[in-house]
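Visitor: My questions concern the predicted model and sequence given below.
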Amino acid sequence: MHIYMAVTPDKLELPLAVGNTATELAKILRIKEDTIYTGISRNYSGKTKGMKFIKIDIIEESDDK
């Protein structure tokens with residue numbers, strides 16, 4: 001599982017918006033979904049738009065005991 005985030009373009013990368021999918025994040029930010037995918041794949045710095053996009057992989061723990 002993974003989540004998509006818009007973060008500040010500085011070294012702290014503080015979260016601006018979070019979505020479970022790129023589509024959800026795009027709706028929150030009122031931008032095109034392709035903008036998020038392009039920003040992630042081309043590793044844009046985000047300095048011109050004031051935000052950078054990242055995808056975080058979340059490792060789910062199993063309940064096996």
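Guide: All right, it came through fine.
Visitor: can we go C-alpha only for contacts and neighbour counts from here?
Guide: Noted.
Visitor: Quick check, residue 40 in contact with residue 46.
Guide: No - contact criterion Cα atoms under 8 Å: residue 40 and residue 46 do not qualify, at 10.2 Å.
Visitor: so where's this structure shaky on pLDDT?
Guide: 64-65 (pLDDT under 70).
Visitor: on that earlier part again, so what sits against both of residue 40 and residue 46?
Guide: In the contact map built from Cα atoms under 8 Å, 6 or more residues apart in numbering, the residues linked to both residue 40 and residue 46 are residue 53.
Visitor: Can you name the residues bridging to the residue nearest in space to the middle of the chain?
Guide: Centroid check for the chain by Cα atoms, centre = their mean gives residue 5 as the closest residue, at 2.5 Å. Following DSSP bridges, residue 5 is listed with bridge partners residue 18, residue 54.
Visitor: Can you name the residues that contact it?
Guide: Residues in contact with residue 5 (Cα under 8 Å, 6+ apart) are 15-19, 25, 53-56.
Visitor: ok, now with 6 Å
Guide: Applying Cα atoms under 6 Å, 6 or more residues apart in numbering, one finds that residue 5 lies in contact with 17-18, 53-54.
Visitor: Just want the phi and psi numbers for residue 16.
Guide: Phi and psi for residue 16, reported as degrees, to the nearest 10, are phi -100, psi -40.
Visitor: For it, list the residues it contacts.
Guide: Taking Cα under 6 Å, 6+ apart as the contact definition, residue 16 lies against 6-7.
Visitor: Does residue 13 lie in a helix or a strand, and which?
Guide: Element membership for residue 13, per DSSP states H and E: none, as it lies in no helix or strand.
Visitor: no wait, residue 3
Guide: Per DSSP H and E, the secondary structure element for residue 3 is strand 2-7.
Visitor: Just the buried positions in that strand, please.
Guide: The neighbour-count criterion (16 or more other Cα atoms under 10 Å) identifies 3-7 as the buried residues of strand 2-7.
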